[in-house]
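> What follows is a predicted protein model with its sequence.
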Amino acid sequence: MKRPEISFEFFPPRNIEATFRLWDTVQALAPLKPNFVSVTYGAGGTTRELTREVVATLHKHSGLRVAAHLTCVDATRAETLAIAEQFRDAGVKDIVALRGDPPKGASGFTPHPEGFGSSVELIEALRETGDFNIRVGAYPDVHPEAANAAADVEWLKRKLDAGASEALTQFFFEAETFFRFRDACAKAGIEKQIVPGILPIENWKGARRFAEACGTKVPAWVIEAFEAAERDGRQDLLATAICTELCTELLENDVDKLHFYTLNRPELTRDVCLALGIAPETTLENVA
Ligand code: FAD
């Protein structure tokens, strides 16, 4: 099996301890030579300044290519583009452009009166600057707000046609879900790459809540397996096995990029990568 390109997603830490954990995670995963790492932008735009700082710091100190997430929520067009300019001035040219989730408690997305009305508008504006490589989100299990699966794929096509280079998917549990989605995208005339988003499950209850919120379907066999593993205290083994199996099936079927949701914890992502044969690359001067 050819070595896939991998990327890792992090979120901005909210306190000193979490900052150390993020840095430890970056240090642990960097030797796996990701193609890029990305930093999320808190729901409702809540981590705007933190995201900017983390992106700039990782870019400066980690030696990794960094992509900044950017959403349309709760900001004027001018404010959103000013943040993109700050990313560019810090040397960051990769942006994951999203409409974004509304702040906690809000029922749905309401554009700021002077803000971008949709992800497509944001992508068009970023593309016009000519400064960025833009990625977008995609939903193999169908986004909860989509009218139906076909409309969801059509909307993804509009995002890619507006100027994005590839799509990163929401996490899903079965390779078949991704293959069905990839086929639907191809049928709709999408030629750009759809990169599967992979969640190694560190915390089963949290992952289930997250899946429910974002429309990811959880198969009955996964629920049963985690409930049994919880009783025996072997969740990590199960999570590594399930995730490795999923990635293997994807890689055996023409997938050559994987985007890992690390949740700022390196262990499972690293174990899955190692199980897939993605070995750390050590530079010669580090070999004693
Ligand atoms: P869009 O794709 O623009 O819209 C979501 C869905 O709604 C579409 O799939 C489509 O079916 C429908 N839709 C929307 N507008 C229209 C329209 N005008 N016409 C027809 N259909 C429409 N959230 C954050 O807050 N911060 C992050 O950093 C973040 N990172 C993410 C990274 C990835 C890889 C993914 C997959 C998601 C991420 N999210 C993040 C979550 C994301 O913000 C939510 O899923 C949000 O609800 C949708 O954002 P989007 O840009 O994918 O939306």
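That came in fine, so what should we check first?

> ok, Thr129 touching Ala84?
Yes - with contact defined as C-beta atoms under 8 Å, Thr129 reaches Ala84; the gap is 7.1 Å. To be clear about C-beta, it is placed using only N, CA and C from the backbone, and glycine gets the same treatment.

> the more surrounded of these two?
Ala84 (20 against 11; other C-beta atoms under 10 Å).

> where does the stretch 51-200 of the chain come near the ligand, residue by residue?
Counting by C-beta under 6 Å from any ligand atom, the stretch 51-200 of the chain comes close to the ligand at 69, 71, 96, 98-101, 118-119, 137, 139, 143, 145-146, 151-152, 155, 168, 170, 197.

> Among those, which are located in strands?
His69, Thr71, Val96, Leu98, Gly137, Leu168, Gln170, Gly197 (DSSP state E).

> For the last one, which non-adjacent residue is closest in space?
By the measure of C-beta to C-beta, 6 or more residues apart in numbering, the closest residue to Gly197 outside its immediate chain neighbours is Thr169, 4.5 Å from it.

> ok now do that neighbour, which residues does it touch?
Gly137, Ala138, Tyr139, Pro140, Phe178, Phe181, Ile194, Val195, Pro196, Gly197, His259 (C-beta atoms under 8 Å, 6 or more residues apart in numbering).

> which one of those residues sits closest to Arg21?
Set against Arg21, the nearest of these by C-beta to C-beta is His259 (20.4 Å).

> Can you pull the phi/psi pair for that closest one?
In terms of degrees, to the nearest 10, the main-chain angles of His259 are phi -110, psi 110.

> Also Asn35?
Torsion angles, degrees, to the nearest 10, at Asn35: phi -70, psi -40.

> and the two most separated of the ones in strands among the residues of the stretch 51-200 of the chain next to the ligand?
The farthest-apart pair in those, when distances are taken by C-beta to C-beta, is Thr71 and Gly197, at 16.6 Å.

> Tell me which of those two has more neighbours.
Thr71 (27 against 23).

> Name all residues that make contact with the more buried one.
Tyr41, Gly45, Leu98, Arg99, Gly100, Asp101.

> Can you add pLDDT and give the residues you listed back as CSV?
Listed next are the contacts of Thr71 as CSV, based on pLDDT from 0 to 100:
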residue, pLDDT
Tyr41, 94
Gly45, 66
Leu98, 98
Arg99, 97
Gly100, 93
Asp101, 84
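
> neighbour-wise, which of those residues leads?
Most surrounded of the contacts of Thr71: other C-beta under 10 Å gives Tyr41, at 27 neighbours.

> what's it in contact with, if anything?
Counting by C-beta under 8 Å, 6+ apart, the residues that Tyr41 touches are Thr47, Arg48, Thr51, Ala68, His69, Leu70, Thr71, Leu98, Gly100.
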